[in-house]
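S.K.: sequence below, structure please.
(one chain, ligands or ions: 1)
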Amino acid sequence: MIAAVREVSVFGDAIAYFNEAANLLDLDAGLRRLLLQPSRQIIFAIPFQRDSGELEVYTGYRVQYNFARGPAKGGIRFHPGVTLDEVTALAFWMTWKCAVVDLPFGGGKGGVTCDPGSLSKGELERITRRYAAELVEVVGPDKDVPAPDVGTTPQIMGWFMDTYSMHVRQHTPGVVTGKPLILGGSRGRVEATGRGVSLVAFAQMKKMDLPLVNSRIVVQGFGNVGSVAAQMFAERGCLVVGISDVSGGYANDRGIDVAAAIAYVRDHGSLAGFGGGEHVSNGALLEMACDVLVPAALEKQLTLENASRIHAKLIVEGANGPTTPEADHVLTERGIVVIPDILANAGGVTVSYFEWAQDRAGFFWKEAEVNARLADIMESNFAHIAELATLRGVSLRTAAYMIAIDRVVQSMEARGVYA
Ligand code: NAD
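M.R.: Model (predicted):
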């Protein structure tokens, strides 16, 4: 039976945002059609052996959305919810994210539909190596450069780099970013996305005359992005009053000890059982009264259903696609400022770009240099977007898309379309 109401796909959400900005630009109709189509989508079987000896088969994806500005760039997600639709939306967003911070990359994304928490280290390694082996012909430092995303780690990037290097018979650290330091990773990469989230949040808080000290921050998702962002807010005197992960939310009006929460997750694998705050549901956490809400888990967390009950002054999208377009309209009408994902979480791909550049030069930078260059890119592009938003009377999201689309289209026009 066909359901009466079909949920809009993640790619559908992404296209809705694109269209809002594209309608304000004088775009050639043919180029616009081309931008709504991924360049390449790859789906493949990943057979692997369980520790028990049993043969299991998972599905792997890689989408290379656009190459106009350079090699495809984007993470690999290991999660039970991975679908072609989701990976395509994430690759589409990567195209705009790389352009918004003016990096010489196109957009890509990949994933495996699996639950990494249920897999042993050996099983994860075998899945990763088979995933990389399937993609040997289409990835590479000048073709497509993956990185970590939900459920993947520097160790997984190390296995990817090794498998690729073995196949091409050449040490190739620049095929993937987010690697361990010892394999040509960049200093500051692990913290880069959360650091970038906090940098644009601080810049917008200043514009809104919101003092940092004792401002109330809520962070959904306590992985790579959420935990680092929470730490950066706490370091500047903000009160992190709520955090959450798959195990639920933890609220503390006097401020959560973020360092203790990070240590707890390191020792226990998740926040389950964390005693530093009152246990609340993930839904209730999002609706807590606060100055800044940072959704840093997955897509579609702020929806038409809960948008009218969000009590933040500022939302900084650490995750990709956490706000549906319908919710975005409600939030905007209610005067809640949203810093969009394609800008807010671009710190990760920015330091990935630094890593790629360092690997190719074989010359590595100090952490202070990485962080200074990251701050320069995030703050200058934020200022540029905020200025356009004011000038055109549009949201930060629409302004960010307008700048990104314009940069990609300029590259396409300068190259010409090989039709
Ligand atoms: P991660 O796997 O390190 O952490 C994800 C966190 O979200 C975990 O704490 C998990 O428990 C939690 N989570 C999952 N489902 C949840 C739910 N329903 N409610 C509450 N919490 C939930 O992943 P990450 O790398 O931190 O990525 C988080 C988001 O940021 C994703 O949207 C990702 O695409 C985006 N992102 C990541 C990077 C990066 O560099 N890692 C860069 C840009 C964007």
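S.K.: so which bits of the stretch 301-419 of the chain are right by the ligand?
M.R.: Proximity of the stretch 301-419 of the chain to the ligand (CB under 6 Å from any ligand atom) is limited to residues Gly318, Ala319, Asn320, Asn345, Gly348. Any C-beta I mention is one placed from the backbone N, CA and C, and that applies to glycine too.
S.K.: can you list these in CSV and add neighbour count and pLDDT?
M.R.: Formatted as CSV, these follow (neighbours: other CB atoms under 10 Å; pLDDT from 0 to 100):
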residue, neighbour count, pLDDT
Gly318, 33, 98
Ala319, 24, 97
Asn320, 27, 94
Asn345, 28, 98
Gly348, 28, 97
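S.K.: residue contacts, the residue of the stretch 151-300 of the chain found nearest the ligand?
M.R.: As assessed by CB to the nearest ligand atom, the ligand sits closest to Gly223 within the stretch 151-300 of the chain, at 1.7 Å. Counting by CB atoms under 8 Å, 6 or more residues apart in numbering, Gly223 makes contact with Val150, Asp245, Ala296, Ala297.
S.K.: of those residues, closest to Pro80?
M.R.: When the contacts of Gly223 are ranked by distance to Pro80 (CB to CB), Val150 comes first, at 10.6 Å.
S.K.: returning to that earlier point: which pair in the residues of the stretch 301-419 of the chain next to the ligand spans the largest distance?
M.R.: Pairwise distances across those peak at 11.7 Å for Ala319 and Gly348 (criterion: CB to CB).
S.K.: need the overlap of contacts for these two.
M.R.: Val225.
S.K.: and the helices in the stretch 151-300 of the chain?
M.R.: Secondary structure of the stretch 151-300 of the chain (DSSP state H, counting those that start in this stretch): helices at 154-168, 189-207, 224-235, 258-268, 282-286.
S.K.: could you dump those into TSV with mean pLDDT and mean neighbour count added?
M.R.: Below are those laid out as TSV (pLDDT from 0 to 100; neighbours: other CB atoms under 10 Å):
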stretch	mean pLDDT	mean neighbour count
helix 154-168	98	20
helix 189-207	98	24
helix 224-235	98	24
helix 258-268	98	15
helix 282-286	97	19
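S.K.: kindly reformat those as CSV containing distance to Ala133.
M.R.: As requested, these are exported to CSV (distance: least, CB to CB, whole Å):
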stretch, distance to Ala133
helix 154-168, 6
helix 189-207, 25
helix 224-235, 26
helix 258-268, 32
helix 282-286, 37
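S.K.: got the contact list for the closest residue to Lys300 other than its chain neighbours?
M.R.: Leaving out its chain neighbours, the residue that sits closest to Lys300 by CB to CB, 6 or more residues apart in numbering is Thr324, at 5.7 Å. Thr324 makes contact with Val8, Asp13, Lys300, Leu302, Thr303, Leu304 under the criterion CB under 8 Å, 6+ apart.
S.K.: from those residues, pick the one nearest the ligand.
M.R.: Lys300 (9.8 Å).
S.K.: shouldn't that closest one be in contact with Pro322?
M.R.: Yes: with contact defined as CB atoms under 8 Å, Lys300 counts as touching Pro322 (7.2 Å).
S.K.: okay, these two: which has more neighbours?
M.R.: Pro322 (28 against 16; other CB atoms under 10 Å).
S.K.: so Tyr401 belongs to a helix, correct?
M.R.: Yes: assignment of Tyr401 by DSSP: H, G, I helix; E, B strand; the rest coil places it within a helix.
S.K.: distance of it from Ala230?
M.R.: As for Tyr401, its distance to Ala230 is 28 Å (criterion: CB to CB, to the nearest Å).
S.K.: now Gly318: how far from Asp162?
M.R.: Taking CB to CB, one finds Gly318 at 30 Å from Asp162.
S.K.: show me what the lengthiest strand in the chain is packed against.
M.R.: As assigned by DSSP state E, the longest strand anywhere in the chain is strand 55-66. Under the contact criterion of 3 or more CB pairs under 8 Å, 6 or more residues apart in numbering; DSSP states H and E, strand 55-66 touches strand 40-49, strand 72-79, helix 84-100, strand 107-113, helix 121-134, strand 144-148.
S.K.: and these as a markdown table, adding mean pLDDT and distance to Gly188?
M.R.: Compiled in a markdown table, these are given as follows (pLDDT from 0 to 100; distance: least, CB to CB, whole Å):
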| stretch | mean pLDDT | distance to Gly188 |
| --- | --- | --- |
| strand 40-49 | 98 | 31 |
| strand 72-79 | 98 | 17 |
| helix 84-100 | 97 | 18 |
| strand 107-113 | 98 | 22 |
| helix 121-134 | 98 | 24 |
| strand 144-148 | 97 | 14 |
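S.K.: and the ligand, which of these is closest to it?
M.R.: Using CB to the nearest ligand atom, the nearest of these to the ligand is strand 144-148, at 5.3 Å.
S.K.: contacts for that closest one?
M.R.: Contacts for strand 144-148 (CB under 8 Å, 6+ apart): 62, 64, 71-76, 105, 108, 110, 135, 138-139, 154, 156-157, 160, 174-178, 224, 348-349, 352, 356.
S.K.: residues of the stretch 1-150 of the chain that sit close to the ligand?
M.R.: So the stretch 1-150 of the chain meets the ligand at Pro148, Asp149, Val150 (CB under 6 Å from any ligand atom).
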